[in-house]
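Visitor: dropping the sequence and predicted coords here.
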Amino acid sequence: METTYREALRQALDDAMTADSAITLLGEEVGRYGGAYGVTKGLLEKFGKERVIDAPISEAGIVGAAVGAAMTGLRPVAELMYVDFIGLAMDQVANQAAKIRYMFGGQIGVPMVLRAPCGTGRSGGAQHSQSLEAWILHMPGLRLAMPGTVSDAYHLLRAALRLPDPVVFIEHKALYVRKGELDTQRMDAPWGRAIMRRGGRDATIVAYSRMVHRALEAAEALAADGISAEVIDLRTLNPLDMETVSASVARTGRALVASEGHLTGGAAAEIAAQIQEACFDWLEEPILRLAAEDVPVPVSPALEAASVPTAESIARTVRRMVHR
Amino acid sequence: METTYREALRQALDDAMTADSAITLLGEEVGRYGGAYGVTKGLLEKFGKERVIDAPISEAGIVGAAVGAAMTGLRPVAELMYVDFIGLAMDQVANQAAKIRYMFGGQIGVPMVLRAPCGTGRSGGAQHSQSLEAWILHMPGLRLAMPGTVSDAYHLLRAALRLPDPVVFIEHKALYVRKGELDTQRMDAPWGRAIMRRGGRDATIVAYSRMVHRALEAAEALAADGISAEVIDLRTLNPLDMETVSASVARTGRALVASEGHLTGGAAAEIAAQIQEACFDWLEEPILRLAAEDVPVPVSPALEAASVPTAESIARTVRRMVHR
Amino acid sequence: MDQGPSRAGQGRSGLALDLYRTMRRIRTFEERVAELFVRQQSAGSMLHLSIGEEGAAAGVGRAMVEGDSFTTHHRGHGVFLARGGDPNRMMAEIAGKAAGYCGGKGGSMHIADMALGHLGANAIVGGGIPAVVGAGLSYRRLRRPQVSVAFFGDGAMQQGILYESMNMAALWRLPVLFVCINNQYGMGTHIDRASASAAWDERARSFGLAAAMVDGEDTLAVYDAASALLAGARDGIPGYLGVSCYRFHGHARMDKSPYRDAAEEEAGRRRDPIARMANRLRGEFEVAGAEIEMVDAAAAAEMDTAMTFAIQAPLPEPAAMFTDVFAPDQPAPRPVADRIAAALGES
Amino acid sequence: MDQGPSRAGQGRSGLALDLYRTMRRIRTFEERVAELFVRQQSAGSMLHLSIGEEGAAAGVGRAMVEGDSFTTHHRGHGVFLARGGDPNRMMAEIAGKAAGYCGGKGGSMHIADMALGHLGANAIVGGGIPAVVGAGLSYRRLRRPQVSVAFFGDGAMQQGILYESMNMAALWRLPVLFVCINNQYGMGTHIDRASASAAWDERARSFGLAAAMVDGEDTLAVYDAASALLAGARDGIPGYLGVSCYRFHGHARMDKSPYRDAAEEEAGRRRDPIARMANRLRGEFEVAGAEIEMVDAAAAAEMDTAMTFAIQAPLPEPAAMFTDVFAPDQPAPRPVADRIAAALGES
Ligand SMILES: Cc1ncc(C[n+]2csc(CCOP(=O)(O)OP(=O)(O)O)c2C)c(N)n1
Ligand SMILES: Cc1ncc(C[n+]2csc(CCOP(=O)(O)OP(=O)(O)O)c2C)c(N)n1
Ligand SMILES: [Mg+2]
Ligand SMILES: [Mg+2]
């Protein structure tokens, strides 16, 4: 069935809520408004206001309440309207949700999902356009999913809603309208596994979230030049499936990591560091990283667009890497 | 003059406050108590309560007030009692302090210093023992200093207090009692430059903060085995002086990065990624990272100690890298 | 001392006409912002119009004096205009142009002007509030007679940072005023679904502030209440002012407010501070209709000019991306392309 | 229903003796914690004794019933003992031993016991507060008659998260009680230097909570006030209870309280809920001195046993480091050593 990323997310919530009565949505505008990006539209009407709770503008309180609810029998899906707001709730995310199982010696887990959209493309400016997955990646105790496709939007969210531990689930706002195939019975790969989205021999492009599409576009353009690029979609960053990545790079000998987070200290750094640990003897070229510039995201549309990797910049970089 | 890291920090604040009447301390227990770790002892008495302000337990408010003060003529030094509490203030740190100059088109800067201690060693547990520099490193607009020596404690803080931009200044709580030489007239190297703390031929150990000492101890032990290890102290992570690091690795052909932050997504990943970008053709072995385990910091002393790199683990790793 | 528009005359009637002019300028400006968006000349759709809320902006803005500083929320065009903001540079910023207040980097939600004491609009609900506490610390320390004012919406009443800020302001007796522009909604959520009670002046008082609530349709009343609280703040008694009004339009440009019914909207839009002031001018203050029309016409011309200016203004240069992260004399971030080139040995 | 120690008798005098016993057990436990530290058998020095605050713990703890849950701040040993915590496992946790409540991973500031409804102590001031809002949501949704209680210190009154939590609790009418154990100090800062006013019940009321303040030296009064507020909370009227007391000793083990003068400390320590209850037992309730001494002796024996248990208990195995980050059936973090070995091609 063809559907959109947004619809797939909604379908996942709907199906999961039908299957598990403990699942409860909590966030700003998730109910009557249907979510700032329309993901939760109709769920209030279907599941009622005890399961779809419109919260005041209190990010720390929302995440903290979700933690408490998760410890006492519910399975909350908390929502941040933008991942940029996670700074307000970072203590509850990183010091509470992430650490409770460990600090309490395994007595209890915090089975909650924290949904939030990331990314550029709407001239939202420095406080509404970030990709902050690196903060989460660095925090033991949190799982981290970043679906790039319609199918993963559905299946990774369903999987997250079955896990015993907290999952930060970052959606890309530019993908909500994106169309794709969804078979609710078949997942592309299990939770925690990366997947090869396109095979290739000359270089490996590692991507996740929106960058998967830009990588695929780049690979298409490169094919026209006779360069065969493999595209790996990580799907989840914790677990981080470096086996799939390393197997690819060991074959191609070249790796480019593309991410919409800032370059310095970003997720791409971790991936690059691990690739060189695993593939040192197979590398023909240095591992390259394309990521958002180390600047706050500017509003002016041309600047904004130029601040993150594009299909063109990916293709251009792979071309130079292959032809060096 | 021999003094301690704690005294050097206090001296830096004292001298800077004497030189610049705009400098104002703001934080929990910085005044009458003299700071949870005694760094600000005596400053209230000397500079008065308009310049040394005991704040309520309101981390977000403290950092936010410092931002406003910095925009209106003061040069605040805000203090978090532990860097672990930065999650409460992360919006003010990352969305406000870091971005104001850029969002406002360069109209104004936020000349403030945010001091906070990091690190393990006191059985403080998961919420009082972290090293969260990776979050800061990833945020454009913030400078980041992590002094390892007595001299740097003084000079980097003095330098930070002259900069026009926000500086996160992370001290290591285990270093406060450490003794060393201080010449207040002579800085080891300019702000933003790394420094070679020990020369060597066989491998480069890149470290900062407390890990500098563990790296030096390891180098000493390695020397006894006939292995000559070079130790680079980064001093600041933003600016990040990769020139000095790369020059060293290009000579030694081997690099180990040691950090007390969690391994995954940590500062060591960025450093490793950049080393391989710059030194690809000179590397004889994969760049290795020693860092804190990807687990919340446990309280029980033996577990806590084993959760971070030690002089022994550094030496052992370099030995294996060199003898491979 | 006043940074607002010049006074039309003396005394209460001059003040009233002044407030009217400011409100009309705000409304016309916002109408042009809406048009800029329709013409696809704005930077994005995250544009929050303060139509219906002009009484709060004009009344409080007029009570402030030169040197007073302020922060605003994302719906801050009106407040800034009331404090002297230049419509050309504002509109250019909203269009993402180099001639804008922030060189096109900030946009509608991050307009600022240090020269006029505008410490910045903020796209984080509540994000700009604690800065006024810091400004208050500066003013007291530097012995300046200024007040710093935080403007925010009813939504921010549920953000913890507000209470941390109120507590610090009261504890340290800072020259600070907190102004809540209560337009009844935070996006699609009515205040009744965000807070058990909307008697927020009680919250403020319990934190030790002087507090008042006022009807934002009555702009003179807003002015009077703000004047009194600002005077108190200048003397070290920080204050809170709640101004009630109604958000006439949707939350941002894409929002058609399906969560409100037509009857409510109609009643809400009748709470129009501009219409009410026009009536009072004509009645109580005996101002000629023609004079009011001239004000309206001048505002229309001024804001047409601003819109045209914004549309014609050039975009920022690509190199602007890398400036202003740090101060000009400091090391700037290295572009990704340079790093790639270096890694490939091309540089 | 009660999880606390068994009742000595019926009615008010039985209750009083019960409260006395709980308080004595808490104080003796804390004295042994201090000794554990002096003997260098504790995990670190970040140990926060609740000596002087026993009235709050015993009074509120006794008013709660089985199934009620709670979170505490870093000074939470007393509350947990009042809710049935096992001194052996508590002391072992404080010593960082495998037999402790958290296997030695959490320590004094992170003790928890799901079986007794202890959702966890927290080393972040205010960090455990919003969890009770979530628990309240669960109980309402799951139609359970439980209340969730947040215990915190006066310091947390200045943390924004408290007000976000109060607002949500009031808005949603949740079965939640906020208990502030006001020991006059946050570390070295007296409440007068942290807040413009300490009439915090007004803050709570302004957020829509039922609120009371009570003298923590009078443990029966604490019990009565807590009982009333808990009953209200069970009916969907969330509450706030402020219990005033005095922190007899320093903030943590290394703090000698140089910021308080001897006269103040002496006066403060005279506000002793245990001494006061002993007097009332002997007077008003006609309990024999010998019976009270038996209680004291039993507490001493119990806590000596706990201390010995903790000292003799084995440390956690090194492999414990890597468990409990995620659930047992989930992929665990890979040890650094394994990654190094793999990179070196040794594995
Ligand atoms: C911290 C934060 N949370 C959520 C949002 C998303 N958001 C933007 S405006 C808004 C409503 C704000 O309501 P209010 O404060 O009343 O201001 P108004 O829009 O009514 O002027 C929300 C929820 C945000 N920008 N920042
Ligand atoms: C968020 C946070 N800020 C600061 C601290 C450091 N700290 C630990 S206890 C404490 C004082 C807390 O005072 P109060 O809440 O009154 O509790 P008490 O210690 O008096 O029981 C402080 C500042 C902390 N642990 N967490
Ligand atoms: Mg509003
Ligand atoms: Mg206290």
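Guide: Structure received. Numbers count the residues shown, from 1 in each chain, chains lettered A, B, ... in the order given. Ligands and ions are numbered 1, 2, ... in the order given.
Visitor: which residues of the chain fall in strands?
Guide: The chain I'm using is chain A. Ranges of strands within chain A are A:2-4, A:23-27, A:52-54, A:75-79, A:113-118, A:143-145, A:167-172, A:179-181, A:195-198, A:203-207, A:229-233, A:236-238, A:255-262, A:288-292, based on DSSP state E.
Visitor: actually it's chain C I care about, not the one you picked
Guide: Going by DSSP E, chain C shows strands at C:69-72, C:118-121, C:148-153, C:176-182, C:185-186, C:189-190, C:210-215, C:239-244.
Visitor: anything in the fifth one near chain D?
Guide: No - no part of strand C:185-186 sits close enough to chain D to count as contact by CB under 8 Å from any CB of the partner chain; the gap is at least 12.6 Å. Bear in mind the C-beta positions are built from the backbone N, C-alpha and C, glycine included.
Visitor: which neighbours does that strand have in its sheet, and in what orientation?
Guide: Neighbouring strands of strand C:185-186 in its sheet, by DSSP bridges, are strand C:189-190 (antiparallel).
Visitor: who's in contact with the partner strand?
Guide: For strand C:189-190, contacts defined as CB atoms under 8 Å, 6 or more residues apart in numbering or on different chains pick out A:28, A:29, A:32, A:33, A:54, A:56, C:155, C:184.
Visitor: now the strands of chain C as a markdown table including mean pLDDT?
Guide: Formatted as a markdown table, those follow (pLDDT from 0 to 100):
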| stretch | mean pLDDT |
| --- | --- |
| strand C:69-72 | 99 |
| strand C:118-121 | 98 |
| strand C:148-153 | 99 |
| strand C:176-182 | 99 |
| strand C:185-186 | 98 |
| strand C:189-190 | 98 |
| strand C:210-215 | 98 |
| strand C:239-244 | 99 |
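Visitor: tabulate the ones you listed (JSON lines), appending distance to ligand 4.
Guide: JSON lines is the format used below for the strands of chain C (distance: least, CB to the ion, whole Å):
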{"stretch": "strand C:69-72", "distance to ligand 4": "32"}
{"stretch": "strand C:118-121", "distance to ligand 4": "34"}
{"stretch": "strand C:148-153", "distance to ligand 4": "29"}
{"stretch": "strand C:176-182", "distance to ligand 4": "26"}
{"stretch": "strand C:185-186", "distance to ligand 4": "34"}
{"stretch": "strand C:189-190", "distance to ligand 4": "35"}
{"stretch": "strand C:210-215", "distance to ligand 4": "28"}
{"stretch": "strand C:239-244", "distance to ligand 4": "27"}
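Visitor: now distance to ligand 2 and mean neighbour count too, for these, in TSV please.
Guide: Converted to TSV, those look like this (distance: least, CB to the nearest ligand atom, whole Å; neighbours: other CB atoms under 10 Å in any protein chain shown):
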stretch	distance to ligand 2	mean neighbour count
strand C:69-72	24	28
strand C:118-121	26	28
strand C:148-153	23	29
strand C:176-182	23	28
strand C:185-186	27	23
strand C:189-190	29	20
strand C:210-215	27	19
strand C:239-244	25	26
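Visitor: distance to residue C:89 added to those, as CSV?
Guide: Output for these, formatted as CSV (distance: least, CB to CB, whole Å):
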stretch, distance to residue C:89
strand C:69-72, 16
strand C:118-121, 11
strand C:148-153, 19
strand C:176-182, 23
strand C:185-186, 29
strand C:189-190, 33
strand C:210-215, 31
strand C:239-244, 26
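Visitor: the nearest residue to residue C:174 once chain neighbours are set aside: what's it in contact with?
Guide: Using CB to CB, 6 or more residues apart in numbering or on different chains and skipping residues adjacent in sequence, the residue nearest residue C:174 is residue C:136, 3.2 Å away. Counting by CB under 8 Å, 6+ apart, residue C:136 makes contact with B:68, C:147, C:148, C:169, C:172, C:174, C:175, C:176, C:238.
Visitor: quick check: pLDDT value at the closest residue to ligand 4 within chain A.
Guide: Nearest residue of chain A to ligand 4: residue A:91, at 19.5 Å (CB to the ion). Residue A:91 carries a pLDDT value of 98.
Visitor: burial count for it?
Guide: Using other CB atoms under 10 Å in any protein chain shown, residue A:91 has 28 other residues around it.
Visitor: returning to that earlier point: so which of the contacts of strand C:189-190 is the most crowded?
Guide: residue A:28 (27 neighbours).
Visitor: does that one touch residue A:63 like I think?
Guide: No - counting by CB atoms under 8 Å, residue A:28 does not reach residue A:63; the two are 11.8 Å apart.
Visitor: return the residues of the stretch 101-250 of chain A in contact with chain C.
Guide: A:122, A:123, A:124, A:125, A:126, A:127, A:128.
Visitor: which residues touch the third one?
Guide: Translated: residue A:124. Counting by CB under 8 Å, 6+ apart, residue A:124 touches A:82, A:297, A:299, C:44, C:46, C:109, C:123.
Visitor: which two of those residues have the greatest separation?
Guide: Using CB to CB, the two most remote members of the contacts of residue A:124 are A:82 and A:299, lying 14.6 Å apart.
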